[in-house]
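In: What follows is a predicted protein model with its sequence.
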Amino acid sequence: MNRSEVRRVRLVDLEQVRHQQHGQEWAPHWHEEWSFGAIVQGECRCSVAGRPFLARTGDLIAIAPGVVHTGALTASAHSGAVLATMLYVPTTWLDQVGLAVPTRSGSVRDLALACQAGDLTSPEDVQAWLLRAIPLLAETLRPGSSANTDPMPGEAVRALIGRVQSAVLAGEQTVSGLARRCDVSRERLHRVLKQWLGMAPGEYLRAVRLHRAKHLVIQGEPAASVAAECGFSDQAHFTRWFKRTFGYTPGDLAQAVSRQSAPD
């Protein structure tokens, strides 16, 4: 079994994914929830908000909502195995339990907690792990810490990114249309999105369509109709990009939703 496994955890209302495939790569994407996880075996060469970092065996990871990231998993040299466990946690649950979140994306090393992440089999296990891992990440990635050195975009760049997001929400689906709505050249748009979001404008537009598709799959829409509604040429093309982005297929997600909804 070396493909990714996805399940929906009812107690915490989150998504849990185990990535186990050597050489797996992700297209640039983001999550609407906080991403917390661990590298149990192997390593992941990541790009987060356009800036690279390497997560190794024993590292805990936090990625803030909306932050674009990508990565590639590489197996451990001595064991040939790879396992990354990720938990996508709604802010509503974090607020409910009163957990403070990190002020930035990043990682911290904790071999014991990373090892435990490889064996989270029940909702109670998941919740207990989060209650230990998130405070550690928040403490390490706090304001004023030595790790908190990422540059921040200026006001003009933030305003442009805001206009891009508004244009996409308004239904814009082409790079030329984005540039026109934002009153900038295509070259300026490409430079800003690549530097600060880690993706080109075309990649950003595709990622938006895939996030919409994911919501539709969770709502129970068939993959074929989701593919057509979200602008993919056919279901096979849609499935390939969905897996490249999230690590699993639309069918895997639909099965996870079905299992979550089944009565105990």
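Out: Great, that's in hand.
In: Just give me the neighbour total for residue 136.
Out: Residues near residue 136, counting by other CB atoms under 10 Å, number 16. Where you see a C-beta, it was placed from the backbone N, CA and C, and this is true even at glycine.
In: any idea which element the closest residue to residue 54 other than its chain neighbours lies in?
Out: Using CB to CB, 6 or more residues apart in numbering and skipping the chain neighbours, the partner closest in space to residue 54 is residue 45 (5.6 Å). In this assignment (DSSP states H and E), residue 45 forms part of strand 43-48.
In: strand partners of that strand, parallel vs antiparallel please.
Out: strand 51-56 (antiparallel), strand 69-74 (antiparallel) (DSSP bridges).
In: related to what we said a few turns ago, for the residue nearest to residue 54, list each beta-bridge partner.
Out: Assessed by DSSP bridges, residue 45 has beta-bridge partners residue 54, residue 72.
In: Make 27 the first number, not 1, from now on.
Out: All set: I'll call the first residue 27, so the last point we hit is now residue 71.
In: Quick check: it vs residue 264, distance?
Out: Distance, residue 71 to residue 264, using CB to CB, to the nearest Å: 27 Å.
In: any idea of the mean pLDDT for the strand holding residue 71?
Out: The average pLDDT within strand 69-74 is 87.
In: And stretch 263-271, by the same measure?
Out: On average, stretch 263-271 scores 94.
In: So for it, what gets flagged as buried?
Out: Of all the residues in stretch 263-271, those buried under the rule 16 or more other CB atoms under 10 Å are 264, 265, 267, 268, 269, 270, 271.
In: just checking, the last one is part of a strand?
Out: Which is residue 271. No: counting by DSSP: H, G, I helix; E, B strand; the rest coil, residue 271 is located in no strand; its state is helix.
In: residues contacting it?
Out: 52, 53, 55, 233, 236 (CB atoms under 8 Å, 6 or more residues apart in numbering).
In: Those residues, buried ones only, as a PyMOL selection?
Out: In PyMOL, a selection of the buried entries from the contacts of residue 271 looks like this (16+ other CB under 10 Å):
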select buried, resi 52+53+55+233+236
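In: Mind listing residues that contact the strand holding residue 71?
Out: With CB under 8 Å, 6+ apart, strand 69-74 has contacts from 54, 78-83, 89, 93-100, 102, 110, 131, 224.
In: Any of the residues you listed buried? List them.
Out: Looks like these have 54, 79, 81, 83, 89, 93-97, 99-100, 102, 110, 131, 224 buried, using 16+ other CB under 10 Å.
In: picking that back up, got the contacts of residue 271 as a markdown table, with secondary structure columns?
Out: Formatted as a markdown table, the contacts of residue 271 follow (three-state DSSP):
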| residue | secondary structure |
| --- | --- |
| 52 | strand |
| 53 | strand |
| 55 | strand |
| 233 | helix |
| 236 | helix |
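In: I'd say residue 234 and residue 196 touch.
Out: No: assessed by CB atoms under 8 Å, residue 234 is found out of contact with residue 196, at 11.6 Å.
In: Number of residues surrounding residue 106?
Out: Neighbour tally, residue 106, other CB under 10 Å: 10.
In: contacting residues for it?
Out: Contacts for residue 106 (CB under 8 Å, 6+ apart) come out as residue 48.
In: sec struct for it, please.
Out: What three-state DSSP gives for residue 106 is coil.
In: Give me the distance between it and residue 120.
Out: 36 Å.
In: cool, residue 157 as well?
Out: Residue 157 is 11 Å from residue 120, by CB to CB.
In: Ok, residue 74 next?
Out: Taking CB to CB, one finds residue 74 at 20 Å from residue 120.
In: Tell me which of these two has more neighbours.
Out: Higher neighbour count among residue 74 and residue 120: residue 74, with 25 against 18, using other CB under 10 Å.
In: give me the number of residues near the nearest residue to residue 199 once chain neighbours are set aside?
Out: Counting by CB to CB, 6+ apart, residue 199 lies nearest to residue 231, which is 6.3 Å off, once chain neighbours are set aside. If you count neighbours by other CB under 10 Å, residue 231 ends up with 20.
In: My guess is residue 231 contacts residue 204. True?
Out: Yes: between residue 231 and residue 204 there is a contact under CB under 8 Å: 7.4 Å.
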